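Peer 1: turn this into a model:
(2 chains)
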Amino acid sequence: MEYQFRIIEKKWQKNWEEEKIYRVENDYPRPKCYVLDMFPYPSGAGLHVGHPLGYIASDIYARYKRLQGYNVLHPMGFDAFGLPAEQYAIETGQHPAVTTEKNIASFKEQMNNIGFCYDWSREVRTSDPDYYKWTQWIFLQLFQSWYDRNTKKAEPVSRLISIFEKEGNFSQSCPQDESVQFSADQWNAFDEKTKQDVLMNYRLAYCGYGDVNWCEALGTVLANDEVVNGVSERGGYPVVKKRLRQWYLRITEYADRLLEGLQQIEFSEAMKEMQSNWIGKSVGAEIIFPLKAPSRPSPVGKESQPARPRHETAQPSLYPLTKEFAVQNRNNPTHEEKLLWEELRHNKTGFHFRRQHIINSFIVDFACLKKKLTVEIDGGYHKNPDQQFYDKERTKFLLENGYKELRFSNEEVRKNINKVIECIVEELHKLPSVEGKENAGKAFPLGEGLDGASIRVFTTRPDTIFGVDFMVLAPEHELVDQITTPEQSKAMSDYIAYVNSRSERERMAEKKITGCFTGAYAVHPFTGKKIPIWVSEYVLAGYGTGAIMAVPCGDERDHKFARHFNIPITNIIGNYYNGEEANPSKEAVLQHSDFLNGMRMQDAVEVVIRQLEENGIGKRKVNYKMRDAAFSRQRYWGEPFPIIWKDGVAVPLEEKELPLKLPHVEAYKPGPEGEGPLANISGWVNQFSSPSGEGRMGGALETNTMPGYAGSSWYFLRYMDPHNDGEFAERKATDYWNQVDVYIGGTEHAVGHLLYSRMWTKALCDLGYIGFDEPYKKLINQGKITGDSRFVYRVSGTDQFVSHGLKDKYQTDELHVDVNIVDGFVLDTEAFKKWKPDFAGAAFILENGQYICGSAVEKMSKSKYNVVNPDIIVDKYGADTFRMYEMFLGPIEQSKPWDTKGIEGVHRFLKKLWRSFFEQDIFLVNDEEPAENELRILHKTIKKVREDTERFSFNTAVSQFMICVNELAVLNCHKRKILEPLLILLAPYAPHISEELWHQLGNKTSVLNAAFPAFNEQYLKENSINYPVAVNGKTRTEIFFSLDAGQKDMENEVLANETVQKWMNGKSARKIIIVKGRMINVVV
RNA sequence: GCCCAGAUGGCGGAAUUGGUAGACGCGCCAGACUCAAAAUCUGGUUUUCGCAAGAAAGUGCAGGUUCGAUUCCUGUUCUGGGCACCA
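Peer 2: Here you go, the predicted model:
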């Protein structure tokens, strides 16, 4: 009987399906094992031979664990939302739902062809409403939660509200902006909108503003992928940054836990390192550099300087929030405030006063801006400790920024208001007026000419503070507009325009030094030195504070910048700086560094931080490179947000209203302001706006959709209980299946999916929905299989193609040719002529009668004509051969090129295995007792295959199978007691042939349910070892020694050996190294 | 630019903890079977020198540590992945 793999494989695939052999039950008493592949995106191109690499590996592992007696969950599903389907829809008009469905069907067919043991009854698709109902539900949990920094976990927002009601936010600093502070009374006085705005700053899923790549010509937002060199990939149209309302996940709150969690999970060191680098925790200091007022006032309202309200003293980012507080305070003055205001208003004192005025993020009771005087009335609630803290912070800020603060008690105001006024007027006369503006009272701290503004920088090297030679702001920094002098404004606007045309990636990768001087200066906080302020693209707005203090002698980029723009460099590290390049050493002893002189840099860090804090000009600070995750896309094909916007407040849908289904659309054009296509479907957007939609009347649905990683962040949980319509997964099921034991996928997900998924798991755990806070216990990274492309060389301007070896004699164009019509390197010239109509008339210049192609290893892709379809391989050699060959190619985590030719070897191995059972039609297997050497071969194989499978070294396991079958063939062994266990070993790798032969042996149950054979050490015992003997490290001979030979005896025998003596060349041995069981080395 | 990984025969790779470099397979060469081919089987195959026995060199490159380095350290080159809207 021949090895008829086609018949065998089809037969068993059908049988397994009918027997539902892959059906997995939530079988609580049995030990479990959860083996998962990273979610595939069902692309239209179908699977190529590179895709199944990881799937085969996980399949083998899952089957292996099953043989070991585990209840193995090994599911598969599809990450079915995504950009490509929508892009395809835009191009062809086919609805993404239709193409996605089609793609999934062909993926599944291809997968089934390879014989994976998926339980398809557990399949999930992110685009299925039954699935995304729970994605939306989890989103709402994140929306309804905040991160308590004290308990270090997510908590429901309802608890936050009760904290605010009792004690304000002093124990729960605002993650969005730490300067936002309010007392319980203030909170309770807020109107609903204000409260919601405040809460938004705490929510784990929140709405903010962010830049997108906006392409006016295409009228759409582009992915980074679609932007090349600042223009759109399609059409080459200009792309600019556009600020849009966006959802975010507050993953930064989890930064520390994401770092700590890395210690408990088995990811490769490289992977952990990538994640911690991405999180980028650094400890240093935040330092305030005050701005120096320019010598001349700048004109107002010039085109280059968008006019800002001149009276603005508030920090703009906080203004909307603080304004609400201020207005409420104004509307509800205390009795004493009222009294005093009557005396101060309408310039009664001769000075202009404002009440409940905002300065930075603080509200003062009364302020005379021209004199920088503020007046506080100490109200009753100021006894509240939180309010006292707020007052203290305010006083500190005002003092640092040149204000004079007067404080009066309520009693003083009530008893003798005239004395209070006298006191104020007296102080006003003493204070200098703020000069320079036509109305100084209206021209205050923001913008040039305005003292009091400052630049905050974060630095990990506060010890280099005296080496600061300039400051650099990110082009997006809010101060850039305001501080740029009129002389520089043209240059600056040109520079900003240039930067706007560039992607963040380009900016980071740029070697060329670019920048623009603002014309403004900062003041060194210790020396008072004037420091020029520059703007450059190498400083990114999102990192730290978007501003840096540049220390050229210690930082290479700063150094290059200083050199390029001829900025004088201060050397604070003596000989450590050679004048040619920066030295980032921490070892140097500081010079020209004031109070740090003579100190080692690493010791100086602490000293500086303490000094900064003492002087109130800086503080110790932990900074993270990681930013909050942008969680919305202006696209159609994704999960809709279960959010209604009503009067600027985000109102969540109720659980019973989920899923909020994606409407059917015919067109995919973006909304008028760049919103997602959903914005155009007013019927959908306003579906909750009907008169019956009480309370939310007039509200409109969010029109963004969720990004690709929404559905993939939690899918591993859904597999545990995929049909549950009452919850995302039953707690009993998630407790049982628990963490994914082995997760297999590519490193390209290192910092995206894997981090988001870890965060979601932590949040769900914090909120009590699941019992573990790391999703993946062990991660295996699979490499890629690259394509091996072939080229032909067309003589330019002709129909002649010249063979690779002769191409240098001609002027040629290199063209990709389909690898399927090339045998090795030899082109099938007839097939080539038929391949494309263009080549029908091709003529060939051959070498040695053949056309030899050129080659290159590149990514496997349709456009390179180097794609090899697994279906063709499976058809030609069978699924078992294909599976084993993919594994045999090399280590799972390495990338390697595909070479179809090599598959013959694996195929021959399976045929050889078959021949151990059959010769022609004769069944050879007998029931003889195996000999010792046969048992040794078997047990060596059991040991090796078990160990290799467990450490995911599948290539060496396949080798061992080959060695085993080769050795058994030499011994002409056809014994059931050897072959039967061997089939069980092989079943995870080549399930079909194993099952067939297993049944040929007379078994009635499936080999998939057999028990993995036990390994018996006894068969491998050796009593002597052939030691390699080296002289001076070079192996010269081999000598047998029994395992229990004594050291002395061995030495004597080695020295007596003829070959050893020859190489010792008459010299005496200085040392004899004997490593038991390994080797012997004689040193002369 | 920054972060991570990799580099071993003609090719894919092995050497699991610092201990005989090249297992296993492809390809190639020779042979057997055959009218022939396919399939199968046997032997050989890192390079250089040598009829051979054997010798020398050799794991991207340059150094270092060690009795001994593919393995550890320093530097360097090239290739691949990631860099926040491809998934």
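
Peer 1: so is residue A:432 in a helix, a strand, or just coil?
Peer 2: Three-state assignment for residue A:432 (DSSP: H, G, I helix; E, B strand; the rest coil): coil.

Peer 1: how close does it get to residue A:370?
Peer 2: In this structure, residue A:432 and residue A:370 are 10 Å apart, going by C-beta to C-beta, to the nearest Å. (Glycine included, C-beta is placed from N, CA and C.)

Peer 1: show me which of these two is the more surrounded one.
Peer 2: Per other C-beta atoms under 10 Å, whichever of residue A:432 and residue A:370 has more neighbours is residue A:370, with 22 against 8.

Peer 1: tell me which element the more buried one falls in.
Peer 2: Using DSSP states H and E, no element contains residue A:370; it sits outside every helix and strand.

Peer 1: hmm, residue A:350 and it touching each other?
Peer 2: No. Counting by C-beta atoms under 8 Å, residue A:370 does not reach residue A:350; the two are 10.8 Å apart.

Peer 1: which residues in the stretch 501-650 of chain A form strands?
Peer 2: A:516-523, A:530-535, A:547-550, A:618-624, A:629-630, A:643-646, A:649-652 (DSSP state E, counting those that start in this stretch).

Peer 1: reformat the ones you listed as a markdown table; add distance to residue A:1002, mean pLDDT and mean neighbour count.
Peer 2: What follows is those, written out as a markdown table (distance: least, C-beta to C-beta, whole Å; pLDDT from 0 to 100; neighbours: other C-beta atoms under 10 Å):
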| stretch | distance to residue A:1002 | mean pLDDT | mean neighbour count |
| --- | --- | --- | --- |
| strand A:516-523 | 84 | 90 | 22 |
| strand A:530-535 | 82 | 92 | 20 |
| strand A:547-550 | 77 | 91 | 25 |
| strand A:618-624 | 64 | 89 | 17 |
| strand A:629-630 | 58 | 92 | 17 |
| strand A:643-646 | 64 | 91 | 21 |
| strand A:649-652 | 63 | 92 | 18 |
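
Peer 1: tell me which of these lies nearest to residue A:856.
Peer 2: Shortest distance between residue A:856 and the strands of the stretch 501-650 of chain A, using C-beta to C-beta, is found for strand A:629-630: 36.7 Å.

Peer 1: how about the closest one, does it reach RNA strand B?
Peer 2: Yes. Strand A:629-630 is in contact with RNA strand B by C-beta under 7 Å from any atom of the strand, via A:629-630.

Peer 1: tell me how chain A divides into domains.
Peer 2: Domain assignment for chain A by automatic domain parsing gives A:31-144+A:251-279+A:635-639+A:705-781, A:145-202, A:208-249, A:319-442, A:450-624, A:785-858, A:872-1017, A:1024-1083.

Peer 1: can you name the residues of the stretch 851-1000 of chain A that neighbour RNA strand B?
Peer 2: Applying C-beta under 7 Å from any atom of the strand, we find that the stretch 851-1000 of chain A lies next to RNA strand B at A:859, A:888-891, A:894-897, A:899, A:901-902, A:904-906, A:908-909, A:911-912, A:944, A:947-948, A:951, A:953, A:955-956, A:958-959, A:962-963, A:966, A:969-970.

Peer 1: which of these are buried?
Peer 2: Among those, the ones that count as buried by 16 or more other C-beta atoms under 10 Å are A:888-890, A:895-897, A:906, A:909, A:944, A:948, A:953, A:955-956, A:958, A:962.

Peer 1: which ones among these map onto strands?
Peer 2: A:896-897 (DSSP state E).

Peer 1: max pairwise distance over the buried ones among the residues of the stretch 851-1000 of chain A next to RNA strand B: which two?
Peer 2: Greatest spatial distance among those (C-beta to C-beta): A:897 and A:944, at 26.6 Å.

Peer 1: so who does residue A:616 touch?
Peer 2: Residue A:616 makes contacts with A:396, A:399-400, as judged by C-beta atoms under 8 Å, 6 or more residues apart in numbering.

Peer 1: cutoff 10 Å now
Peer 2: Contact analysis of residue A:616 by C-beta atoms under 10 Å, 6 or more residues apart in numbering lists A:288, A:396-397, A:399-400, A:525.

Peer 1: isn't residue A:534 up against residue A:549?
Peer 2: No. Between residue A:534 and residue A:549 there is no contact under C-beta atoms under 10 Å: 11.4 Å.

Peer 1: give me the common contacts of these two.
Peer 2: Counting by C-beta under 10 Å, 6+ apart, the residues touching both residue A:534 and residue A:549 are A:470-472.

Peer 1: close to RNA strand B: what parts of the stretch 701-850 of chain A are there?
Peer 2: Counting by C-beta under 7 Å from any atom of the strand, the stretch 701-850 of chain A sits next to RNA strand B at A:707-708, A:712, A:746-752, A:784.

Peer 1: quick one: buried ones out of those?
Peer 2: Buried subset of those (neighbour count, 16+ other C-beta under 10 Å): A:707-708, A:712, A:747, A:749-751, A:784.

Peer 1: and stretch A:1017-1031, what's buried?
Peer 2: Within stretch A:1017-1031, the residues that qualify as buried are A:1019, A:1025, A:1027, A:1029-1031, counting by 16+ other C-beta under 10 Å.

Peer 1: next: stretch A:473-488.
Peer 2: Residues of stretch A:473-488 classed as buried: A:473-477, A:479-486, A:488 (neighbour count, 16+ other C-beta under 10 Å).

Peer 1: swap in stretch A:333-348?
Peer 2: Of the residues in stretch A:333-348, A:333-334, A:336-337, A:339-341, A:343-344 count as buried by neighbour count, 16+ other C-beta under 10 Å.

Peer 1: and if you look at stretch A:729-744?
Peer 2: Under the neighbour-count criterion of 16+ other C-beta under 10 Å, stretch A:729-744 has A:729, A:733-734, A:736-744 buried.

Peer 1: quick one: contacts for whichever residue of chain A sits closest to RNA strand B?
Peer 2: Scanning chain A for proximity to RNA strand B using C-beta to the nearest atom of the strand identifies residue A:905 as nearest, at 2.1 Å. Neighbouring residues of residue A:905 by C-beta under 10 Å, 6+ apart: A:881, A:884-885, A:888, A:958, A:962.
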